[in-house]
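What follows is a predicted structure for the sequence shown.
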Amino acid sequence: MHKVVKKISLFRESLKIVWESSPGWATANILVSVIRSFLPLLLIWLLKILIDGITKAATSGSGMHSENVIVMLIAVVAVYFLDEAFSDLSGYIRKKQSLDLEVYMYGLLHSKSVKLDLINFEKPEYFDCLTRAAREAPWRPNIILNNLVAFLRGLLSLLLMAGLILSLHWAIAVVLLAANIPSVWLRLHYAGILYNFQREQTPEARKSAYFNWLLTGDRPSREIRLFGLGNYFIDLFKQSFIRQKEDEINIIRKRTLIELVSNLFKASAFMAALWVIAGKTINGSLSLGQMAMFLLAFRQGMIYIKDLFSSMAGLYEDSLFIEDTFEFLSLEENIKVTAPVVIPSPLTKSIILENVSFTYPGNLIKTINNVSFEIRKGDIIALVGPNGAGKSTLVRLLCRLYDPDSGSIKYDGDNIKNMDPDEYRKFFSVVFQDFMLYNLKAGENIRMGNINEKESYEKIRSAAISAGVDEVFSGLPDGYDTVIGNLFNNSRELSWGEWQKIAIARALYRDSPLLILDEPASALDADTEFEIFSRFREIVRGRTSILISHRFTNVKLADRIIVLDKGSVIETGTHVELLENGGTYSKMFLKQTNMFNK
Ligand code: ATP
């Protein structure tokens, strides 16, 4: 019972979506469907009158000029034309409605996926859920509407047709119904099996999609060629793909075999109907026109019942698949504002981390372990430490892309959990280690740093000059208006270091009071790096900044250096203080300088 209630509520939700996405086209779809359910019956009835008229004209000798025959001929053709015309119109309306719905559903999916917590991207179940939702969402609600309309249309037509068939013999109507039951059972039974199969196959499907990307994507293309990995991944793809499809084919093969048997039932029903109609016509209780009408009505009735049952089975199938979409749309966002709500404003004093700990889902060891430190307004802080020490994770916690498992981050004294994450993040600008490349215009790539601000060429250019990329842009065929990247026609690809400069320019373009640079010079040439870091204070213009770098020559300029190891703060101080202490920092520093001196 609970399951039925749930399915009904899923249908209600789906229909609400269909309606909201396009009320006008949904109404048109329903209206045309209702009209289409009457037309075939009307056609059959007119054909009966026509055939009887022709028979009469033939026996009375009045020939083709019988007025009745001509009128009926015109009427039959007119209804036939209308039936065809409405069928085409219905096709157009459905297409238009599907388009509106697709746009609407993609809107829902995309808004949800950009809002969901970043932590979801660490969980394979999230990708499974997203994959299933993305596969179903754009079209499934419309299928539900179409199946519902087909169900109502089928029911209406069948009732009309049943009246006609009952007047022939009640048993024929029963046979008509019974003959279709095996195929409905079959469809319902296999809908469940196929759904469960597809659900279980999602991880495997993602795996083959991944191998496909490795073989066809731009990023992997170089390594695949250089290391000669093509055949290796072709095999992996093939194995994964065949694994999925073989099982599916087995299920479908079984279904097809049973379907053949179920079609025998239908053929027997047709035989019985033909028997009765032929017998009655021969013994004179049916006219030729009536015979034609019943034959057509029976055939049409079979089609209606098939449509009716198949729309019912389709609705059951839909109820299974649409659940995936709603499962995704109802995923909870945990990074949200909690009471008492504080409206953040630009930093006036400091950000304080108090005993912050964080572990990635599925990891056994804490990535950040009881970390406490203060970032005062205007400070330039450097975060250093070996690979995997937790520097980038700390940045994500600071920007509230993750929430700590314990401890707190206080922004001017208020816990950042009490702030709307979007509002809070407005005060941050970050060059991530894995910064983004946007295949858009060069200038637009910088403007992405603050898309809500009115476009200002001067400001974009000034950020480009600070990051040392103005010269590169000026040399492009259309300057700042050149599309960069390699995805689109007439675009120009840049070097990795040039992309990194753009990422720095993008971060500078955003007038945020806090600036975080995670390994911003990893791909820069020595000149550019020197140019940027020798003017670092001037470039950041008094903003509170956090710099992550493995290069100690860059780190030296910080007001305070925080040394992390295995998720914990092991030292803090200025460059000079840390050298004097002779601890980890000084050892790392000496190792690096000795290496360069050699
Ligand atoms: P690097 O200097 O190499 O950039 P880092 O100090 O920035 O390193 P983090 O990227 O914060 O280190 O990673 C810290 C640890 O957290 C790593 O050892 C890694 O195992 C784990 N880790 C990082 N990202 C994830 C993730 N997305 N999911 C699970 N664990 C992660």
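That came through, no problem.

For burial, what's the neighbour tally of the residue in the stretch 401-550 of the chain positioned nearest to the ligand?
The stretch 401-550 of the chain approaches the ligand most closely through residue 433 (5.8 Å), counting by CB to the nearest ligand atom. Backbone N, C-alpha and C define where each C-beta goes, glycine included. By other CB atoms under 10 Å, the residues close to residue 433 number 15.

and residue 362, what is it in contact with?
Residues in contact with residue 362 (CB atoms under 8 Å, 6 or more residues apart in numbering) are 122, 123.

what about it, is that helix, strand or coil?
coil (DSSP: H, G, I helix; E, B strand; the rest coil).

and it, backbone torsions?
phi 90, psi -10 (degrees, to the nearest 10).

What separation do you get for it and residue 384?
Noted for residue 362: a distance of 27 Å to residue 384, by CB to CB, to the nearest Å.

ok, now residue 52?
From residue 52 to residue 384 the distance is 98 Å (CB to CB).

In terms of neighbours, single out the busier of those two.
Set side by side, residue 52 and residue 384 show more neighbours around residue 384, with 26 against 18, by other CB under 10 Å.

Could I get the contacting residues of the more buried one?
Residue 384 touches 391, 548, 549, 550, 552, 555, 561, 562, 563, 564, 585, 588, counting by CB under 8 Å, 6+ apart.

The fourth one touches residue 519, doesn't it?
Yes - contact status for residue 550 versus residue 519: in contact at 7.2 Å, counting by CB atoms under 8 Å.

Which one's more surrounded, these two?
For residue 550 and residue 519, the more surrounded residue by other CB under 10 Å is residue 519, and the numbers stand at 19 against 16.

so for stretch 296-310, what's the average pLDDT?
Averaging pLDDT along stretch 296-310 gives 81.

what comes up buried for it?
Judged by neighbour count using 16 or more other CB atoms under 10 Å, the buried positions of stretch 296-310 are 296-298, 300-302, 304-310.

Show me the domain layout of the protein.
Taking automatic domain parsing as the reference, the chain has its domains at 2-329, 350-597.

Am I right that the residue of the stretch 401-550 of the chain closest to the ligand falls within a strand?
No - with three-state DSSP as the criterion, residue 433 is coil rather than part of a strand.

So which bits of this protein are right by the ligand?
Taking CB under 6 Å from any ligand atom as the contact definition, the chain meets the ligand at 122, 360, 363, 367, 385, 387-393, 433.

Just name the lowest-scoring one in those, pLDDT-wise.
Within the residues of the chain next to the ligand, pLDDT is lowest for residue 122, at 82.

Can you give me the neighbour number for that residue?
Around residue 122 there are 13 residues (other CB under 10 Å).

start at 31 instead
Yes, from this point I'll number from 31; that puts the last item at residue 152.

Just the buried ones among the residues of the chain next to the ligand, please.
397, 415, 419, 420, 421, 422, 423.

Identify the farthest-apart pair in the residues you listed.
Taking CB to CB as the measure, those span a maximum distance of 12.1 Å, between 397 and 415.

Distance check, the residue of the stretch 431-580 of the chain closest to the ligand against residue 167.
Distance from residue 463 to residue 167, by CB to CB: 32 Å.

Quick check: which helices or strands does the top helix by length along the chain pack against?
Determined from DSSP state H, the single longest helix within the chain is helix 260-312. Applying 3 or more CB pairs under 8 Å, 6 or more residues apart in numbering; DSSP states H and E, one finds that helix 260-312 makes contact with helix 200-208, helix 211-246, helix 318-359.

Secondary structure element for the residue nearest the centre of the chain, which one?
Centroid-nearest residue in the chain: residue 164, 3.6 Å away (criterion: CA atoms, centre = their mean). Using DSSP states H and E, the element containing residue 164 is helix 154-166.

What is the subsequent helix or strand relative to that helix?
Moving toward the C-terminus from helix 154-166, the next helix or strand (DSSP H and E) is helix 170-196.

Next, the angle from that following helix to helix 200-208.
Between helix 170-196 and helix 200-208, the angle comes out at 160 degrees (axes from the mean of the first three to the mean of the last three CA atoms, to 10 degrees).

Give me the mean pLDDT for helix 170-196.
For helix 170-196, mean pLDDT rounds to 79.

what's the spacing between residue 590 and residue 574?
12 Å.

So between the two, which is more surrounded?
A count of neighbours by other CB under 10 Å puts residue 574 above the other of residue 590 and residue 574, at 23 against 18.

mind listing what the more buried one touches?
Contacts of residue 574 (CB under 8 Å, 6+ apart): 377, 381, 405, 406, 407, 408, 409, 410, 543, 544, 545.

helix, strand or coil for the closest residue to residue 523 other than its chain neighbours?
Excluding the flanking residues, the one nearest residue 523 by CB to CB, 6 or more residues apart in numbering is residue 516, at 4.4 Å. Put simply, residue 516 is coil when judged by three-state DSSP.

which stretch of helix or strand covers the closest residue to residue 526 other than its chain neighbours?
Nearest residue to residue 526 in three dimensions, chain neighbours excluded: residue 553, at 4.7 Å (CB to CB, 6+ apart). Using DSSP H and E, residue 553 falls within no helix or strand.

quick one, phi psi at residue 405?
Given degrees, to the nearest 10, the pair of backbone angles that residue 405 has is phi -120, psi 110.

Kindly report the same for residue 399.
Torsion angles, degrees, to the nearest 10, at residue 399: phi -130, psi 100.

same thing with residue 577?
Torsion angles, degrees, to the nearest 10, at residue 577: phi -120, psi 130.

Hmm, it is touching residue 590, no?
No - in this structure residue 577 lies outside contact range of residue 590 using CB under 8 Å: 10.9 Å.

just to revisit the earlier point, okay, now the residue nearest to residue 526: neighbour count?
17.
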